[in-house]
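**Student:** Sequence plus the predicted model coming up.
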Amino acid sequence: MSRFLTPFSLLIPAKNPLLQAFQRFCLSVLLVLFVTQLIALPASATSLYEIPDLPENTWVLDTAEILSRTTEGKLSTAFSEVAAQSGLETRVVTIHRLDYEETIEGFTDKLFKRWFPTDTEQANQTLLVLDNVTNNTGIRTGERVKQLMPDAIATSVAQETVLIPLKEGNKYNQAFLGAGDRLVAVLSGQTDPGPPEVKDTVMVEGTFATPEKTKESNAMVWVFGFLIAATIIPMATYYFYQYMGSR
């Protein structure tokens, strides 16, 4: 009589030596895939030390590769013109996934201090960072920048001007072009144009998955996939050999 196989029955020696060897092979492959996936998830995160030292005359560092060349060119031209006129410099950085237990605010703060170690170097700087996995943003400004752009406006640029277009469909180019226009206006001493209008009264904050939820979701998908494979593959193999043996 055939015995129904479950993942636990894989631990029971099979009567057919060939089937037994195949079961061990399947378990080995699944175990390797499972361990590799667990290692690969955190390894794909962007570490602070993977960000290069600030390249000269670089205003946009798109490591997540979400911006078009046209957008990068427009932002770079606008930021360089403001820097030439006022001495106030703006940098935009995009990353793909944060390290485990890192926050976008913490990452932005560390990068700001790494690129501009002293108070004097920080005074004229603005740094805007986005993680495209969670669509979370962080912004840091120096003391001279705050005289023209208070923290409330800077926060609005990061949390509204950038995030509203992303909520409407991950419109990264539109989001950063809008943020660039607003930053240029404020840093040039013009009236703050404010954030874009919200369509259909969407809620911006709290609408994106946290890094922990994203990681947990990916892990659960793989676990269920392995369990299903561990059940179906041995069953299919067993019935195949049963069929071949009855011929």
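**Tutor:** Now that the structure is in, tell me what you want to look at. Residues are numbered from 1 along each chain as shown.
**Student:** Show me the shaky parts of this structure.
**Tutor:** Across the chain, residues meeting the criterion (pLDDT under 70) sit at 1-45, 200-247.
**Student:** Please enumerate the strands of it.
**Tutor:** Ranges of strands within the chain are 60-62, 89-95, 125-131, 136-141, based on DSSP state E.
**Student:** In TSV: the ones you listed, plus mean neighbour count.
**Tutor:** All C-beta atoms are positioned from the backbone trio N, CA, C, and that covers glycine. As requested, these are exported to TSV (neighbours: other CB atoms under 10 Å):
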stretch	mean neighbour count
strand 60-62	19
strand 89-95	23
strand 125-131	24
strand 136-141	24
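**Student:** Report the contact partners of Thr46.
**Tutor:** Thr63, Ile95, His96, Arg97, Leu98, Asp99, Asp131 (CB atoms under 8 Å, 6 or more residues apart in numbering).
**Student:** Against Thr137, how distant is it?
**Tutor:** 15 Å (CB to CB, to the nearest Å).
**Student:** likewise Glu197?
**Tutor:** With distances taken as CB to CB, Glu197 is found 19 Å from Thr137.
**Student:** on that earlier part again, from the contacts of Thr46, list just the buried residues.
**Tutor:** Among those, the ones that count as buried by 16 or more other CB atoms under 10 Å are Ile95, Arg97, Leu98, Asp99, Asp131.
**Student:** on that earlier part again, may I see the strands of the chain arranged in a markdown table, with distance to Gln190 as well?
**Tutor:** Formatted as a markdown table, those follow (distance: least, CB to CB, whole Å):
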| stretch | distance to Gln190 |
| --- | --- |
| strand 60-62 | 22 |
| strand 89-95 | 15 |
| strand 125-131 | 16 |
| strand 136-141 | 17 |
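**Student:** Which of those sits closest to Phe116?
**Tutor:** Phe116 lies closest, by CB to CB, to one member of the strands of the chain: strand 125-131, at 5.2 Å.
**Student:** Provide the strand pairings for the closest one, with the direction of each partner.
**Tutor:** The strands beside strand 125-131 in its sheet (DSSP bridges) come out as strand 89-95 (parallel), strand 136-141 (antiparallel).
**Student:** Please name whichever of the ones you listed is nearest to Asn170.
**Tutor:** The minimum distance between Asn170 and the strands paired with strand 125-131 falls on strand 89-95, with 12.3 Å, by CB to CB.
**Student:** thinking again about what came up before, reformat the strands paired with strand 125-131 as TSV; add distance to Pro193.
**Tutor:** Listed next are the strands paired with strand 125-131 as TSV, based on distance: least, CB to CB, whole Å:
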stretch	distance to Pro193
strand 89-95	16
strand 136-141	17
